[in-house]
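**Q** predicted coordinates and the sequence they were generated for:
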Protein chains: 2
Amino acid sequence: MKDFIFSSPTKIIFGKGTEEQVGKEVKNYSNKVLLCYGGGSIKKYGLYDKVVKALKEEGVEFVELSGVKPNPRLGLVQEGIKLVRENNINFILAVGGGSVIDTAKAIAMGVPYEGNVWDFFEGKAELKEALPVGVILTIPATGSEASDATVITNEDGWYKIGFHHELLRPKFAIMNPELTYTLPPYQTACGVADIMAHIMERYFVNEEGVELTDRLCEATLKTVINNARIVLKDPANYNARAQIMWAGTIAHNDLLNTGRGRGDWASHRIEHELSAIYDIAHGAGLAIVFPAWMKYVYKNNINRFVQFAVKVWDVDLPYENLEEIALEGIRRTEEFFKEIGLPVRLKEAGISDDRFEEMADKCTKGGTRTIGDFVKLNKEDIIKIYELAR
Amino acid sequence: MKDFIFSSPTKIIFGKGTEEQVGKEVKNYSNKVLLCYGGGSIKKYGLYDKVVKALKEEGVEFVELSGVKPNPRLGLVQEGIKLVRENNINFILAVGGGSVIDTAKAIAMGVPYEGNVWDFFEGKAELKEALPVGVILTIPATGSEASDATVITNEDGWYKIGFHHELLRPKFAIMNPELTYTLPPYQTACGVADIMAHIMERYFVNEEGVELTDRLCEATLKTVINNARIVLKDPANYNARAQIMWAGTIAHNDLLNTGRGRGDWASHRIEHELSAIYDIAHGAGLAIVFPAWMKYVYKNNINRFVQFAVKVWDVDLPYENLEEIALEGIRRTEEFFKEIGLPVRLKEAGISDDRFEEMADKCTKGGTRTIGDFVKLNKEDIIKIYELAR
């Protein structure tokens, strides 16, 4: 087991109608906020009106930044930074899913910094301060509501890069599972794949003596799998929605990798190149990439893949052939993604094979770096994984 | 699933040699601290010298309060409050196990309060502020290193009462599993029973739709059980000590009861009366009380006890007789406590049956209140549980 530092300071306010508390929570930090959101859904389903009412009741002024899209763009972040500076705002309220939260976090980083906020993503600057961010979560998926991470896409070259720092953990996250009832099945499924991927990135490590976090990962994965099946049949099942929503936070607040290092993250890197260029949903990209990655690396630590198959997927085959058990676990992972309506091959997402080299190149900074930790992958490895996903 | 609020802001600094960082961590809060500890063991094994060195290196002054005993006393808390006030101290560093941490927390509550700190425990005052507390943990057991709770015994009448408030979560907890190598087997076992009890208090609820926390509880219990067996044979097994130490924190930082309410806590209340009067180790008292409580209440929710038996203890019996499965789970719980060297009957701890009524009376404030949540227990119920533990 590795050494670690852990804290999860975000105040989670979880339950029915909790969005009505947003005014009071914001008021602890500021009287003037940037209200950051995506498109029409929060207006369509009445959440926008509730938030405005709650803010006004507490006398909190707000300036709006809307139009955040999946795979959120640097351009909108820059716009937000400008808005915040012009209006002397010192708190950012994100109402939406991971893209909205990540945009809010990037704005929070950029405001106190004199240079270009993209410097942080490129490793050219060190984060010293950030504005506080609060969240009303509407899509369980990225875990950004309590994580230290943000992922932004730079339209200039379509680079999608993640950045993490303790200063980026939101001050509070309001989580009402009822707000997720109206999520379309495909978006629900993408969220599920993202949550599972966050756990699997942490699960596939070579570190030994990590029984507790192994079991916690397996527990969370099983819960997500079971409840995904329920909500896809019964979208307004509160308890099932609640299990997924809370699992999504735990999957990414770094509890599950305590003592294991940060995790592998190769699949995320490989997927980021896909969604940066083809703008597919991150969760769908992960459903394609993760099984391919598994097929490419499982021989590196067959025991871990056997444990995954047995503990997560209840694979019950003779132990005389461990490879067969491992492969059955991978097969069930892929089958599950199919079952919940996700693509598991690039061609199913309309992605051709003509840019594998370009993506592998970006992933490895021109072939100069490796990615991943469970197995270190170079440019050629990554191309082979894209080929397995074809 | 119930609504909840959760945060776990304590900065956990976990790993080998982490105690050397204490000076730097303290320095973030103060230049003058109260150094609170128990008896000789931190001096005997060199931890005291390391702490003093680390504090001096950062120029942090300290005043000492030693002599904290198990079932920590109000008298020493009052002494600590006086010391802190006289010396203009504004941070308390606890080096030890739960008793030391709980003493530090109670001092932290008492210093800014004009009345008697015992008022908080009796529900006569509302906590508005508390000094910050930091921890170097030497005994995995109470989970106080990241919890919002403190339990103090008032010598005047031998009342042992717990109090909890978000202000009581320590700012940091330094956790080096190596520091637990020298714990005697009995103390290790008492810690294990305490950790398991913290999880079981949260596990035995009637709330439905809590699959995630059910699984997380089961995962943590299984890990503690497996690794307790390892460390009792091999006390210097780092990974096994580490699993137990980290499980002890997770067991009591309120993650495992998110969505379940606070839990039952009847067994803790029943045990507190034992350790207040007879001054036995809290973990040993729990090993006696918890199986008795289980035997008394299991029929209230047989399915939950079946799940406990199957998921935690791998009971594999025909499902035609659920009661038999439930009872086998209880039997294995008791057998495990015996296996690790704990008493499971009052007489094994030298406790006679002549004060059951008195203890049940204190527990229920003269028979006017019930305790517990899984099943509400009145004075007569509690006497019957003491009798089952005889």
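**A** Right, received. Where do you want to start?
**Q** show me where the stretch 151-300 of chain A has helices.
**A** Assignment of helices within the stretch 151-300 of chain A using DSSP state H, counting those that start in this stretch yields the ranges A:185-203, A:211-233, A:238-250, A:266-278, A:282-297.
**Q** these: lowest mean pLDDT?
**A** Mean pLDDT is lowest for helix A:266-278 out of the helices of the stretch 151-300 of chain A, coming in at a mean of 94.
**Q** so which residues make contact with it?
**A** A:70-71, A:151, A:153, A:158-162, A:197, A:200-201, A:280-282, A:285-286, A:288-290, A:293, A:346, A:349-351, A:355, A:359-360, A:362-363, A:371-375, A:377, A:382, A:385-386 (C-beta atoms under 8 Å, 6 or more residues apart in numbering or on different chains). No exception for glycine: its C-beta is placed from N, CA and C like everyone else's.
**Q** can you select the buried ones from these in ChimeraX?
**A** Here is the ChimeraX command that selects the buried residues among the contacts of helix A:266-278 (16 or more other C-beta atoms under 10 Å in any protein chain shown):
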select /A:70,71,151,153,158,159,160,161,197,200,201,280,281,282,285,286,288,289,290,293,346,349,351,355,359,360,362,363,371,372,373,374,375,377,382,385,386
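**Q** so which of the contacts of helix A:266-278 are in strands?
**A** Secondary structure from DSSP state E places A:151, A:153, A:159-162 of the contacts of helix A:266-278 in strands.
**Q** right, and the helix or strand after the helix or strand A:Met109 falls within?
**A** Taking DSSP states H and E as the criterion, A:Met109 maps to helix A:98-110. Downstream of helix A:98-110, the first helix or strand assigned by DSSP H and E is helix A:118-121.
**Q** which strands or helices does the helix or strand following that following helix pack on?
**A** Tracing the chain past helix A:118-121, the next element assigned as helix or strand by DSSP H and E is strand A:133-137. Judged by 3 or more C-beta pairs under 8 Å, 6 or more residues apart in numbering or on different chains; DSSP states H and E, the packing partners of strand A:133-137 are helix A:22-27, strand A:92-96, helix A:98-110, strand A:172-175.
**Q** wait, which of those is closest to A:Arg304?
**A** Of all the helices and strands packed on strand A:133-137, helix A:98-110 sits nearest to A:Arg304, with 27.8 Å by C-beta to C-beta.
**Q** got the domain ranges for chain A?
**A** A:11-179, A:183-388 (automatic domain parsing).
**Q** quick one: average confidence on the shortest one?
**A** Averaged across domain A:11-179, the pLDDT comes to 97.
**Q** span of it from start to end?
**A** By C-alpha to C-alpha, to the nearest Å, the extent of domain A:11-179 from end to end equals 19 Å.
**Q** burial of A:Leu83, as a residue count?
**A** Applying other C-beta atoms under 10 Å in any protein chain shown, we find 17 residues neighbouring A:Leu83.
**Q** distance-wise, check it relative to A:Leu34.
**A** According to C-beta to C-beta, to the nearest Å, A:Leu83 stands 6 Å off from A:Leu34.
**Q** state the distance from A:Tyr48 to A:Ala236.
**A** In this view, A:Tyr48 and A:Ala236 are 21 Å apart by C-beta to C-beta.
**Q** and if you look at A:Glu155?
**A** Distance from A:Glu155 to A:Ala236, by C-beta to C-beta: 37 Å.
**Q** contact residues of the stretch 101-250 of chain A facing chain B?
**A** Residues of the stretch 101-250 of chain A found near chain B (C-beta under 8 Å from any C-beta of the partner chain) are A:208-212, A:215-216, A:218-220, A:222-223, A:226-227, A:238-240, A:242-243, A:246-247, A:250.
**Q** about what we covered before: now tabulate the helices and strands packed on strand A:133-137 in JSON lines and tack on mean neighbour count.
**A** What follows is the helices and strands packed on strand A:133-137, written out as JSON lines (neighbours: other C-beta atoms under 10 Å in any protein chain shown):
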{"stretch": "helix A:22-27", "mean neighbour count": "20"}
{"stretch": "strand A:92-96", "mean neighbour count": "28"}
{"stretch": "helix A:98-110", "mean neighbour count": "29"}
{"stretch": "strand A:172-175", "mean neighbour count": "27"}
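**Q** and B:Ile136, which of the ones you listed is closest to it?
**A** strand A:172-175 (30.0 Å).
**Q** re earlier: and the angle from the helix holding A:Met109 to strand A:133-137?
**A** With axes from the mean of the first three to the mean of the last three C-alpha atoms, to 10 degrees applied, the angle from helix A:98-110 to strand A:133-137 works out at 180 degrees.
**Q** now do the buried residues in stretch A:45-63.
**A** Quick answer for stretch A:45-63 (16+ other C-beta under 10 Å): A:47-48, A:50-52, A:54-55, A:60, A:62-63.
**Q** then stretch A:68-82?
**A** Here stretch A:68-82 shows A:68, A:70-74, A:76-78, A:80-81 as buried, counting by 16+ other C-beta under 10 Å.
**Q** which residues sit against it?
**A** Residues contacting stretch A:68-82 (C-beta under 8 Å, 6+ apart): A:34, A:36-39, A:65, A:67, A:92, A:96, A:99-100, A:102-104, A:106-107, A:110-111, A:117-118, A:151-156, A:160, A:275-276, A:279, A:281-282.
**Q** can I get the domains of chain A in a markdown table including distance to B:Leu322?
**A** Formatted as a markdown table, the domains of chain A follow (distance: least, C-beta to C-beta, whole Å):
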| stretch | distance to B:Leu322 |
| --- | --- |
| domain A:11-179 | 31 |
| domain A:183-388 | 22 |
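**Q** closest to B:Gly261 out of the ones you listed?
**A** Here domain A:11-179 is closest among these (C-beta to C-beta), at 12.0 Å.
**Q** chain center to that closest one: distance?
**A** Relative to the centre of its chain, domain A:11-179 is centred 14 Å away, using C-alpha atoms, centre = their mean, to the nearest Å.
**Q** in strands only, show me the buried residues of stretch A:45-63.
**A** A:62-63.
**Q** are we agreed that A:Ile330 is in a helix?
**A** Yes: the assignment for A:Ile330 is a helix, going by DSSP: H, G, I helix; E, B strand; the rest coil.
**Q** correct me if wrong: it contacts A:Tyr296.
**A** No: contact criterion C-beta atoms under 8 Å: A:Ile330 and A:Tyr296 do not qualify, at 10.3 Å.
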